[in-house]
Structures are given as C-alpha cells and as structure tokens.
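In: Any chance you could fold what I've pasted below:
(one chain, ligands or ions: 1)
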Amino acid sequence: MPWIDHGRGPSVRELDSPRWQPRASCTGAGEWLWFADANSPLTRRAVSICAQCPVRRACLAAALVYAEEFGVWGGVTSAQRRVLLNRLADGSNLTAILDEALAPQAHEVA
Ligand code: SF4
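Out: A predicted model of the protein is given here:
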C-alpha cells in the first residue's frame, strides 16, 4: 500500500480489527447509533463517542482502506469518508489524510 506512511503509521498490522476493536468505545453501545441517518441526533451522539475513542485513528484508517460504505467510523460519516476516499484514489497519503480528518473540529455533523 504505497499511500501508507510506514514511518508514522498506521501499519497494515494496526488495521487488523482484532487488534483495535476490543478497545473500541462503541463496544456494547447500540450499533444503531453508528448507522443512523447522517443528520440525526443519533449520529451526533455516535460522533461524540468516537471523539473520545482510544482507537479512533485505527478505526478510520481501516474504514478507508477497506472502503466501508456505511455508518460512522472514527467519527467520520460515510459522506465525509467519500471525500477522503477520493483523495486516497488521487494518490494522497493515508497518514496525512488521517491527520487532517482527525484534527479537532475537522468534521462537524450539522
Ligand atoms: S472511533 Fe467510533 S466507530 Fe470507531 S471504534 Fe471508536 S467508537 Fe467505534
């Protein structure tokens, strides 16, 4: 995967879901929050939980690498991820995209 910055990560190993999913803040929470209508209060709740999640970066990276089509991943909605995926397709570096996408206030759900 040439667009992964192997010096700064995430590494391909880190994207392996059994490594990060056990520490996910959404474990045990209602899955429907992450798959609600994009502009709903449920989605805003999911995004706020993601903001505090210790594995947010790996979650979003995996969603981009595996082109997850639906739901909120890493606090980023599917519509927001499509923009990021287009940048990846254009050859942008995954690490740089993650840095920008996970910066405070980068994605605010209306
Ligand atoms: S960032 Fe959000 S969707 Fe991803 S593991 Fe954490 S709580 Fe779950």
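
In: Return the residues of the protein in contact with the ligand.
Out: The chain has residues 24-26, 34, 49-50, 53, 55-56, 59, 72-75 near the ligand, with proximity defined as CB under 6 Å from any ligand atom. The way it works is simple: take the backbone N, C-alpha and C, and place the C-beta from them, glycine included.

In: Of these, keep whichever come out buried.
Out: Those of those that meet the buried threshold are 24-26, 34, 49-50, 53, 55-56, 59, 72-75, by 16 or more other CB atoms under 10 Å.

In: For Trp73, what are phi and psi?
Out: Here the main-chain torsion angles of Trp73 (degrees, to the nearest 10) amount to phi -130, psi 130.

In: can you pull out the strands in the chain?
Out: Using DSSP state E, no strands are assigned anywhere in the chain.

In: So for it, the centremost residue is which one?
Out: The residue at the geometric middle of the chain, judged as the C-alpha nearest the mean C-alpha position with CA atoms, centre = their mean, is Leu60 (2.1 Å).

In: Identify the residues contacting it.
Out: With contact taken as CB atoms under 8 Å, 6 or more residues apart in numbering, Leu60 is in contact with 73-76, 81, 98, 101-102.

In: Looking at the residues you listed, which are in helices?
Out: Residues of those located in helices (DSSP state H): 81, 98, 101.

In: Show me the shaky parts of the protein.
Out: Under the criterion of pLDDT under 70, the regions of the chain flagged as low confidence span 1-9, 107-110.

In: picking that back up, what sits closest to the residue nearest to the centre of the chain if chain neighbours are left out?
Out: Of all residues beyond its chain neighbours, the one nearest Leu60 is Gly74 (2.6 Å), with distances taken as CB to CB, 6 or more residues apart in numbering.
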